[in-house]
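**Q** Starting from these lines, generate the structure:
(one chain, ligands or ions: 1)
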Amino acid sequence: MDYLLTDEQKMLRDMVSKFAKEEIGPVATKMQAEETFPESIVQQLGELGVMGIAYPEEYGGAGMDFVSYMLAVEAISRYCASTGVIVSAHSSLVVDPIFRFGTEAQKKKYLPDLCSGKKIGCHALTEPGAGSDVGSLKTTAKLVGDKWVLNGTKHFITNGANAEIAVIFALTEPEQKTRGISAFIVEKGTPGFKIGKLEDKLGIRASTTAELIFEDCAIPKDNLLGELNKGFKIAMITLDGGRLGIASQALGIAKASIEDSIVYSKERQQFGQPIANFQAIQWMLAEMETEYEAAWLLTYRGSLMKDKGMKYSKEAAMAKLKASETASFCANKAIQIHGGYGYIKEFDVERYLRDAKITEIYEGTNEIMRLVISAGMLK
Ligand SMILES: Cc1cc2nc3c(=O)[nH]c(=O)nc-3n(C[C@H](O)[C@H](O)[C@H](O)COP(=O)(O)OP(=O)(O)OC[C@H]3O[C@@H](n4cnc5c(N)ncnc54)[C@H](O)[C@@H]3O)c2cc1C
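**A** Purely as a prediction, here's the structure:
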């Protein structure tokens, strides 16, 4: 699909792909087995401009577009889906809302460190009782003097244990429900803000997933992000971009599954010939490639629409739905093509299947994606 890309986009993709292959690929399996957060890799990605690709240079970004970001997240996730989500959650869910809704002072204060990867961000919306129904969140923020005082618990937060800057959502007018939610920027080390339980997960094990606890956590009044009581809208707009990031992560997993399957099917001999000679294997490869390209085009379309300033909620949901199901489909077929070897940890394909599953769940489950798509159709 190179003919759809500009020379600048192709150069960026090739540069990130080379880095991912040489620096992330060789350590990806070990990192996820040992649950090691890739701190130095994230720092290097920051130096390459990848932690703030789609944001202006005046705030420390690379000044490129969202399509470039999509290509970078895919290229990273091809080798390590954990690193892919670290970049995606940081960029789509933290850099983006601060750039889009922050005051000039907030942008100048937070974006340069975030875009350079010096500081990592996390986005805390989900609570134990508020998942798909995020509007039912219970965390509160009360204005006491010139401080917002936060109380509540967030859970399942990507980058939660490593982030220096958190974008969090809390009720400022509880009786107004979704119209009473506001967004805030909270810095690590603020008294009353602590990291709770770390989750033990099926996949993306080199990324952290943490509980964040706020107990009378007082933050400056100026740390309100965007307008008071407009937090729900901020969250929904932010998640549209986030879903394209997750679709890109899923594309990387699908691509890895396809590439590994091609190599293996040409090498593995049974009945005196490579298994790639069997039509059963060829058909699996053909279906994998077709699903991948369909998912890639949907993700590219959504990213292009975002770059053009168009509305793209439905298209982002379609991209995430298709790409996540494609990642699971391709990883599953990759294991089948690898036979018994695919089921053991010596080969990467079992990791791809474990990593793929979460793309069907986070930043809105695929049931919620179907609701968003049909709402766009029926309005
Ligand atoms: C590894 C990981 C990382 C995450 N990272 C973050 C993060 O960085 N920040 C953050 O805020 N959150 C994060 N999340 C939370 C994630 O977005 C939620 O888990 C997800 O939105 C689903 O919420 P839930 O787990 O409460 O499931 P539930 O909402 O309880 O859903 C359970 C089931 O019911 C279905 N369901 C629910 N409502 C409906 C409906 N109306 N119609 C049809 N089906 C429905 C769901 O699709 C699902 O199948 C993360 C989660 C995980 C596991």
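
**Q** number of nearby residues for residue 22?
**A** For residue 22, the count of nearby residues is 10 (other Cβ atoms under 10 Å). (Each C-beta comes from the backbone N, C-alpha and C, glycine too.)

**Q** Helix, strand, or coil at it?
**A** helix (DSSP: H, G, I helix; E, B strand; the rest coil).

**Q** Check the spacing between it and the ligand real quick.
**A** Distance, residue 22 to the ligand, by Cβ to the nearest ligand atom, to the nearest Å: 27 Å.

**Q** which residues does residue 222 contact?
**A** With contacts defined as Cβ atoms under 8 Å, 6 or more residues apart in numbering, residue 222 is in contact with 103, 105-106.

**Q** For those residues, pick the one with the most neighbours.
**A** Of those, with other Cβ under 10 Å as the count, residue 106 tops at 18 neighbours.

**Q** Verify the stated contact: that one with residue 224.
**A** No: assessed by Cβ atoms under 8 Å, residue 106 is found out of contact with residue 224, at 9.3 Å.

**Q** residues from the chain in reach of the ligand?
**A** Within the chain, the residues that sit near the ligand (Cβ under 6 Å from any ligand atom) are 89, 123-126, 131-132, 156-158, 201, 209, 358, 361-365, 367-368.

**Q** So which of the residues you listed belong to strands?
**A** 123-124, 156-158, 209 (DSSP state E).

**Q** CSV for those residues, including neighbour count?
**A** As requested, these are arranged in CSV below (neighbours: other Cβ atoms under 10 Å):
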residue, neighbour count
123, 28
124, 29
156, 19
157, 25
158, 27
209, 21
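
**Q** Taking those residues, tell me the two that lie furthest apart.
**A** 123 and 209 (12.4 Å; Cβ to Cβ).

**Q** anything in contact with each of those two?
**A** 157-158.

**Q** Single out the residue in the protein that lies closest to the ligand.
**A** The ligand sits closest to residue 131 of the chain, with a gap of 1.7 Å, by Cβ to the nearest ligand atom.

**Q** Quick check on that residue: phi, psi?
**A** Backbone torsions of residue 131, given as degrees, to the nearest 10, read phi -110, psi -100.

**Q** which residues does the residue nearest to residue 228 when sequence neighbours are not counted form a beta bridge with?
**A** Sequence neighbours aside, residue 182 is the residue nearest to residue 228 in space, at 5.4 Å (criterion: Cβ to Cβ, 6 or more residues apart in numbering). Residue 182 has the following beta-bridge partners by DSSP bridges: residue 170.

**Q** To what extent is residue 182 buried, counted in neighbours?
**A** So residue 182, with other Cβ under 10 Å, has 22 neighbours.

**Q** just the one 4 residues further on next, same as before
**A** Residue 186 sits with 24 neighbouring residues when counted by other Cβ under 10 Å.

**Q** can you check residue 138 too?
**A** What residue 138 shows, counting by other Cβ under 10 Å, is a neighbour count of 14.

**Q** domain assignment for the chain?
**A** If you go by automatic domain parsing, the domain ranges for the chain are 2-120, 122-229, 232-378.

**Q** from the chain's centre, how far out does the last one sit?
**A** Domain 232-378 sits 14 Å away from the centroid of its parent chain (Cα atoms, centre = their mean, to the nearest Å).

**Q** Just the terminal-to-terminal distance for that domain.
**A** 22 Å (Cα to Cα, to the nearest Å).

**Q** The first one too?
**A** Terminal residues of domain 2-120 lie 31 Å apart, using Cα to Cα.

**Q** Please apply the same query to stretch 227-236.
**A** So stretch 227-236: terminal residues 14 Å apart, Cα to Cα.

**Q** what does stretch 337-352 give?
**A** 14 Å.

**Q** Quick one: mean pLDDT over it.
**A** In this model, stretch 337-352 has an average pLDDT of 97.

**Q** how about it: buried residues?
**A** 337-338, 342, 347-352 (16 or more other Cβ atoms under 10 Å).

**Q** What is the burial count for residue 374?
**A** With other Cβ under 10 Å as criterion, residue 374 counts 12.

**Q** And it, what's its pLDDT?
**A** 98.

**Q** Okay, and it sits in which element?
**A** Following DSSP states H and E, one finds residue 374 within helix 366-378.
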